[in-house]
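# test case, fold it:
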Amino acid sequence: MTEPVTEPLTEQPRVRRNEWRALAPPALGAWTPTLPLTVVVPAYDADRLLPVVLAGLAAQTYPAHLLEVVVVDDGPGPDPLVLPEVRPEHTRVVRPAGGWGRANACHTGALAAEGTVLHWYDADMLAERHQVEAQARWHHLLDHAVVLGDKWFVDPGPALALTPEEVRDAVAADRLGAVFAGAHHEPHRWVEEVHGRTDRLHLAGWNALRTHTGATASVRRDLYLASGGMDTGLRLGEDIALGARLAHVGAVFVPDAEARSRHLGATHVMGRRDRVNAHNDPFLADRAPTLRAKRHPGRTYATPYLEVVLDTRGHDPALVVACVDSALAGHLHDVAVTLLGDWSTLHPDRTDVLADDGWTARVVHATYAAEPRVTLAGPHDHDPAAPSRAAFRMTLPGPTFAPRRPALQRLLLHLEHTHDGLRLVDLPDGTVVRVERTAAVARARRTQRPGEDLDTVLAEVAGVERLPHRQAGFGPSEKVRPRHVPRTGGPPVGSEDAWARIDAALQARGG
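This is a model prediction of the structure:
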């Protein structure tokens, strides 16, 4: 097999949001592929259908010297999987060193792959002859494409009635339609519904990841690795989780109707959709902040929706606390705050705690050391050019101004509805708040040319808007900070008087 190509494309088109129709792929059969491609087939209890799957892959139009198939033997028994005779020339079997499940098998295959492009293909799929070629052509155009194949669900009986040689020949001669003539072809309905609402994902924006179903999808190996790859701890829902990770690093999701396959039998979701969703939702909610509808108000998740960054050095700690408390006490609870400061200078030695140089750091550190939504980072621990783990990052220029309670939720909802990538909030003192969509910044940095302004690229690939501070909901930190909790000291009062005091105090706080 030809050596993989690891260099990113130096000249490639810029795709705005997910407007993939701006790309111009070559017609099938009218171009010369150059990228080695590995088809990764996770195989569990696959003895019955794997010969059909590999027979279909043996008839592909993609050049044989560029095509590798890695079958990942995920069990269930201890005996190794034996490959059938009819298969692509470069086909091999690997076994996971540990773990189990589709995500673990796919990741094992990705690490073993020699191709520049990874093509996930389940062990119950039968490809039409242009399937691999149709997927691969987009990766020659764009190094951050994620291609989604088309499929119907069919009864496997007609394919199983043929020998592997007959399946291969039928695929090569474009006769699968005749093989399945009269058979019911069930579309992937929920995917088709999304396609119908979004012009086949062209208008889906940064939410196109939701249709990343792994039965037939492809991605460049370096983008896969940059995203963190499959979450091998997941037992179901791993394809959507991977889609979220790929979107986070700037992927464009391309549905190709000419990358056609037949899914031989039904899926987990088709038979038990409610139960599958009930199982997957908490796992996906915790890992993928972009799957916002799966999250619950007032909850804290492993991966936050918004990261707020503030450099505390040289600022009055009272202003810092007022600003940070405003961000934490807003209507949007799904927030993590990163505070930059000289925390390493704090020490237990005797000192004048009211006058030494560590005054600001000591007060801020004591205020937030036990707050689980705040991270105290050293100035060298934070790289503003490194991607945030959150879906959005807000960088505050200082603590003088802070968001009012509804501000963060309103700003992010505005970004979500417009599909933009950046909001710049102009503050009265001439400084600017940046609210960035992490996926858009990743896309912009990937396509940014030497010396080119990042915000210019962001405007091209996502959209940028400036807002005055009042429209954005920002005000002086000392005025917008949340009130302290109601006081409870003093002599006891009667029950009715107590309720009256409580209601008055909460009303005054806006509670």
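
# which SS class is residue 126?
Three-state assignment for residue 126 (DSSP: H, G, I helix; E, B strand; the rest coil): strand.

# what's the burial count for it?
Residues near residue 126, counting by other Cβ atoms under 10 Å, number 27. Every C-beta, even on glycine, is put in place using the N, C-alpha and C of the backbone.

# surely it is in contact with residue 57?
No. Contact criterion Cβ atoms under 8 Å: residue 126 and residue 57 do not qualify, at 9.3 Å.

# quick one: buried residues of whatever helix or strand residue 318 lives in?
Following DSSP states H and E, one finds residue 318 within helix 317-328. Judged by neighbour count using 16 or more other Cβ atoms under 10 Å, the buried positions of helix 317-328 are 317, 319, 320, 321, 322, 323, 324, 325, 326, 327, 328.

# out of these, who's nearest residue 116?
residue 327 (42.7 Å; Cβ to Cβ).

# for the spatially closest residue to the closest one that is not a sequence neighbour, give me phi and psi.
With sequence-adjacent residues excluded and distances taken as Cβ to Cβ, 6 or more residues apart in numbering, residue 327 is closest to residue 308, at 4.9 Å. Note on residue 308: its backbone torsions stand at phi -110, psi 130 [degrees, to the nearest 10].

# what residues does residue 39 make contact with?
Shown in contact with residue 39 (Cβ atoms under 8 Å, 6 or more residues apart in numbering): 57, 67, 68, 69, 70, 88, 119, 121, 132.

# most widely separated two among the residues you listed?
Among the contacts of residue 39, 70 and 132 lie farthest apart (Cβ to Cβ), at 13.8 Å.

# can you name the residues in contact with the least confident helix or strand in the chain by mean pLDDT?
Between all helices and strands in the chain, the lowest mean by mean pLDDT, DSSP states H and E belongs to helix 268-287, at a mean of 79. By Cβ under 8 Å, 6+ apart, the residues outside helix 268-287 that reach it are 153, 231, 234, 236-237, 240-241, 244, 291, 294-296, 301-303.

# buried members of those residues into ChimeraX, please.
A single ChimeraX command suffices to select whichever of the contacts of helix 268-287 are buried according to 16+ other Cβ under 10 Å:
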select :153,231,234,236,237,240,241,244,291,294,295,301,303
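
# residue 370: neighbour count?
Neighbours of residue 370 under the rule other Cβ under 10 Å: 7.

# so it, which state does it fall into?
coil.

# what segments of the stretch 251-400 of the chain are strands?
Remark: strands assigned in the stretch 251-400 of the chain by DSSP state E, counting those that start in this stretch are 252-264, 306-311, 335-340, 374-377, 392-396.

# just checking, residue 421 touches residue 442?
No. Using Cβ under 8 Å, residue 421 and residue 442 do not qualify as a contacting pair, with a distance of 9.9 Å.

# neighbour count winner among the two?
Neighbour totals were compared for residue 421 and residue 442, and residue 421 leads with 30 against 23 (other Cβ under 10 Å).

# please name the residues that touch the more buried one.
Contact analysis of residue 421 by Cβ under 8 Å, 6+ apart lists 415, 436-437, 439-441, 443-444, 458, 461-464.

# and the pLDDT for it?
On pLDDT, residue 421 comes in at 97.

# show me where this protein dips below the pLDDT cut-off.
The chain contains residues with pLDDT under 70 at 1-10, 268-271, 509-511.

# can you give me the domain boundaries for it?
If you go by automatic domain parsing, the domain ranges for the chain are 31-294, 306-480.

# deepest of these, which one?
Across the domains of the chain, the average number of neighbours (mean count of other Cβ atoms under 10 Å) peaks for domain 31-294, which reaches a mean of 20.

# ends of that domain, how far apart?
End-to-end distance of domain 31-294: 43 Å, with Cα to Cα, to the nearest Å as the criterion.

# and the strands of the stretch 251-400 of the chain: which comes nearest residue 37?
Of the strands of the stretch 251-400 of the chain, nearest to residue 37 by Cβ to Cβ is strand 252-264, at 12.5 Å.

# name every strand pairing with the closest one and say which way it goes.
Here strand 252-264 is paired, per DSSP bridges, with strand 125-127 (antiparallel), strand 145-154 (parallel).

# need those strands in JSON lines with distance to residue 100, can you?
Formatted as JSON lines, these follow (distance: least, Cβ to Cβ, whole Å):
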{"stretch": "strand 125-127", "distance to residue 100": "21"}
{"stretch": "strand 145-154", "distance to residue 100": "25"}
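
# which among these is found nearest to residue 181?
Of all the strands paired with strand 252-264, strand 145-154 comes closest under Cβ to Cβ, at 11.2 Å.

# tell me the helix or strand right after the closest one.
Once strand 145-154 ends, the next helix or strand along the chain (criterion: DSSP H and E) is helix 157-160.

# need the strands of the stretch 251-400 of the chain in JSON lines with distance to residue 194, can you?
Shown next, in JSON lines, are the strands of the stretch 251-400 of the chain (distance: least, Cβ to Cβ, whole Å):
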{"stretch": "strand 252-264", "distance to residue 194": "10"}
{"stretch": "strand 306-311", "distance to residue 194": "25"}
{"stretch": "strand 335-340", "distance to residue 194": "29"}
{"stretch": "strand 374-377", "distance to residue 194": "36"}
{"stretch": "strand 392-396", "distance to residue 194": "23"}
